[in-house]
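Trainee: Sequence and predicted structure, then a few things I'm wondering about:
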Amino acid sequence: MPTVAPYDIEGHVATAAFLGETAFFAAASGEIHRLEGGAKVTAAHEGLLTCIRDPYSESLLSGGEDGRVLRIAATGDVTELANVPRKWISAVAAGPQGAVGYAVGKSSFVRLADGTVKEFAETRTVEAIAFAPKGLRLAAARYNGVSLHWAGMNAEPMDLEWKGAHTIVTFSPDGRFVVTAMQENALHGWKLDGAKTGAEARHMRMTGYPAKVKSLSWSPKGKWLASSGAPAAIVWPFSAKDGPMGKAPLELGTRADIMTTCVCFHNTDEILAIGFIDGMILGVRIADGKEVLLRRPGKGAITSMGWSGDGRLLAFASEAGDCGIIDIAG
């Protein structure tokens, strides 16, 4: 039976993640909490807006209302990577070769490992950014689509157009697809290696959500894309040549009218952690849909989850600050 070690933080907590075997929690107040032989707190931002785990290093990347982009090491040490006075940094991304992306207003920026910064201007505000898994290619989500920029060369961006506001962007692990969550209750995708004639052939429409999608997670080998925004995790198949085109998604962890707010695939197995608006967390195995209750309902909606390196522990955060660590082996 899974066991839960609770950890309470005051206010909204944006991110829960592991660096090594140490759990980190990034609070909206700007404090970074790490549980290492007791709780240790680092004052990072004057108001934190975004925080992600860098998959290429044992560190976190964060952006704040103070216009700073920071790297937080596993030791809790903080390094400033960018400082844009009087601007909010609400989107950051980690790239290969030590690259870091961040968005400010109508521009996205890529800071290379040597400190060089490249700016890519858009006609509309950049809502989200993501790096491709290979090569220094940055996706910038905005109103009416996504721009793909090559950070290492002076090439024209590739425009992926679709009307509406795009608020999250992600590449599939094999780099063949770009998927966005939209302001309306839908996902949209583009097949990058699709037919070059007739752009319509490259579009993927994933609709029917009763609520806005706020969380996406790829399975370890990229066969599945899980999403929140319904009273179950909606999991789209991406193993076929054309991804989910013409295919129905799986619906995992269905709970009447209680919405999912966060999804997080295990780092090695096709097991999905599903967080709900009432604080409950379920674990579901893709192969047979078997469910395990990982946490009973709590005080607030689950906002973030992250697995430890060995895949045994799951850190979780909520909008009410009731966080913790689940040992799935008990």
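Mentor: Happy to help now that I have it.
Trainee: which regions of the protein sit below the pLDDT cut-off?
Mentor: Applying pLDDT under 70 to the chain flags residues 194-201.
Trainee: elements contacting whichever strand or helix holds residue 70?
Mentor: Assigned by DSSP states H and E, residue 70 belongs to strand 68-73. Contacts defined by 3 or more C-beta pairs under 8 Å, 6 or more residues apart in numbering; DSSP states H and E place strand 68-73 against strand 59-64, strand 78-83, strand 100-104. For glycine as for every other residue, the C-beta is placed from the backbone atoms N, C-alpha and C.
Trainee: want to try CSV for those strands, with mean neighbour count and distance to residue 125 as columns?
Mentor: Putting the helices and strands packed on strand 68-73 into CSV (neighbours: other C-beta atoms under 10 Å; distance: least, C-beta to C-beta, whole Å) gives the following:
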stretch, mean neighbour count, distance to residue 125
strand 59-64, 24, 15
strand 78-83, 14, 18
strand 100-104, 25, 8
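Trainee: will you turn those into CSV that also has distance to residue 151?
Mentor: Formatted as CSV, the helices and strands packed on strand 68-73 follow (distance: least, C-beta to C-beta, whole Å):
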stretch, distance to residue 151
strand 59-64, 16
strand 78-83, 15
strand 100-104, 8
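Trainee: Between the ones you listed, which one is closest to residue 226.
Mentor: Checking the helices and strands packed on strand 68-73 against residue 226 by C-beta to C-beta gives strand 59-64 as the closest, at 22.1 Å.
Trainee: Just checking: what are the partner strands of that closest one?
Mentor: The pairing partners recorded for strand 59-64 under DSSP bridges are strand 48-54 (antiparallel), strand 68-73 (antiparallel).
Trainee: Can you check what angle separates that strand from strand 78-83?
Mentor: Orientation of strand 59-64 against strand 78-83 (axes from the mean of the first three to the mean of the last three C-alpha atoms, to 10 degrees) gives an angle of 50 degrees.
Trainee: Dump the C-alpha coordinates for strand 59-64 into PDB.
Mentor: C-alpha atoms of strand 59-64 as PDB (Å, rounded to 0.1, in the frame of the first residue of the first chain):
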ATOM      1  CA  SER A  59      18.700  21.400 -11.700                       C
ATOM      2  CA  LEU A  60      15.500  23.500 -11.900                       C
ATOM      3  CA  LEU A  61      14.800  26.500 -14.100                       C
ATOM      4  CA  SER A  62      12.500  29.200 -12.900                       C
ATOM      5  CA  GLY A  63      11.100  32.600 -14.000                       C
ATOM      6  CA  GLY A  64       9.500  35.300 -11.900                       C
END
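Trainee: Centre of the chain to it, how far?
Mentor: In this view, strand 59-64 has its centroid 13 Å away from the chain centroid, taken as C-alpha atoms, centre = their mean, to the nearest Å.
Trainee: do the same with stretch 84-99
Mentor: Using C-alpha atoms, centre = their mean, the offset of stretch 84-99 from its chain centre is 14 Å.
Trainee: got the buried residues for that stretch?
Mentor: Judged by neighbour count using 16 or more other C-beta atoms under 10 Å, the buried positions of stretch 84-99 are 84, 88-95, 99.
Trainee: Kindly report the same for stretch 56-76.
Mentor: Residues 59-72, 74, 76 are the ones in stretch 56-76 that count as buried (16+ other C-beta under 10 Å).
Trainee: Can you show me the CA trace of stretch 30-39 as PDB?
Mentor: Extracted C-alpha coordinates of stretch 30-39, given in PDB (Å, rounded to 0.1, in the frame of the first residue of the first chain):
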ATOM      1  CA  GLY A  30       9.300  32.700  -4.700                       C
ATOM      2  CA  GLU A  31      10.700  30.300  -2.100                       C
ATOM      3  CA  ILE A  32      12.200  27.000  -3.200                       C
ATOM      4  CA  HIS A  33      11.800  24.200  -0.500                       C
ATOM      5  CA  ARG A  34      14.000  21.100  -0.600                       C
ATOM      6  CA  LEU A  35      13.600  18.100   1.700                       C
ATOM      7  CA  GLU A  36      17.200  17.000   2.400                       C
ATOM      8  CA  GLY A  37      17.700  15.900   6.000                       C
ATOM      9  CA  GLY A  38      14.900  18.200   7.000                       C
ATOM     10  CA  ALA A  39      13.300  21.100   5.200                       C
END
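Trainee: what sits up against it?
Mentor: With contacts defined as C-beta atoms under 8 Å, 6 or more residues apart in numbering, stretch 30-39 is touched by 7, 9, 19, 22-27, 40-48, 51, 60, 62, 64, 66, 72, 76, 78, 325.
Trainee: if we go to 7 Å?
Mentor: Contact with stretch 30-39 is made by 7, 9, 22-27, 40-48, 64, 72, 76, as judged by C-beta atoms under 7 Å, 6 or more residues apart in numbering.
Trainee: What of stretch 100-116?
Mentor: Among residues not part of stretch 100-116, those counted as contacts by C-beta under 7 Å, 6+ apart are 61, 63, 69, 81-82, 84, 87, 89-95, 97-99, 117-126, 129, 131, 138, 140, 151.
Trainee: re earlier: so which of the helices and strands packed on strand 68-73 gets nearest residue 255?
Mentor: strand 59-64 (30.8 Å).
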